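Chemist: what follows is a predicted structure for the sequence shown.
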Amino acid sequence: MLLKAIDAALPEVPASDPMEFESNDVSAETSVAKIPIATRRADALGLIAESFLQHRIESLSGGDRHQLIVHVDADTLRDRTAGCCELEEGPSLAAETARRLACDASVVALIEND
């Protein structure tokens, strides 16, 4: 995860140092110094740390990572009985599996009348 974050931040780090040849005695044909990739990755890690310190944990709580929609009969959940339990546009699953999925997830209950 850290390496993916560094790779994502890498485009924000310049690949060359325009300040390297700012003196007036250097010809315009002199190329700009290339920054080594290891240095750029270290700078990218610094950007990640700086961003976290600036935004703290609030920036990480952007909602649920995954969303599963499970249709379950109310009686099945309430009474722990067998009944209809299926994924949205997907296969059926055991009611106990739906209970386990919901045990540490945010749940939005919607009761429908047939």
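Modeler: Here it is on my side, so go on.
Chemist: quick check: buried residues in the longest helix anywhere in the chain?
Modeler: Ranked by number of residues, the top helix in the chain under DSSP state H is helix 37-55. Of the residues in helix 37-55, 40-41, 43-45, 47 count as buried by neighbour count, 16 or more other CB atoms under 10 Å. Quick note: C-beta positions are derived from backbone N, CA and C, even for glycine.
Chemist: His55 and Arg41: what is the separation?
Modeler: 21 Å (CB to CB, to the nearest Å).
Chemist: which of the buried residues of helix 37-55 sits closest to Arg80?
Modeler: Arg80 lies nearest to Leu45 out of these, by CB to CB, at 49.2 Å.
Chemist: sorry, back to before: can you list contacts of the longest helix of the chain?
Modeler: The contact list for helix 37-55 (CB atoms under 8 Å, 6 or more residues apart in numbering) reads 5-7, 9-10, 12-15, 59.
Chemist: could I get the full set of helices for the protein?
Modeler: Remark: helices assigned in the chain by DSSP H are 2-9, 37-55, 74-79, 95-103.
Chemist: ok, which of these comes nearest Leu110?
Modeler: Among the helices of the chain, helix 74-79 comes nearest to Leu110, with 10.5 Å by CB to CB.
Chemist: only alpha carbons, please: show that closest one as PDB.
Modeler: Output in PDB follows, covering the C-alpha atoms of helix 74-79 (Å, rounded to 0.1, in the frame of the first residue of the first chain):
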ATOM      1  CA  ALA A  74     -36.900  -9.400   7.500                       C
ATOM      2  CA  ASP A  75     -38.200 -12.600   9.200                       C
ATOM      3  CA  THR A  76     -34.900 -14.400   8.100                       C
ATOM      4  CA  LEU A  77     -32.800 -11.800   9.900                       C
ATOM      5  CA  ARG A  78     -35.000 -11.300  12.900                       C
ATOM      6  CA  ASP A  79     -35.900 -14.900  13.700                       C
END
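Chemist: good, we can wrap up now.
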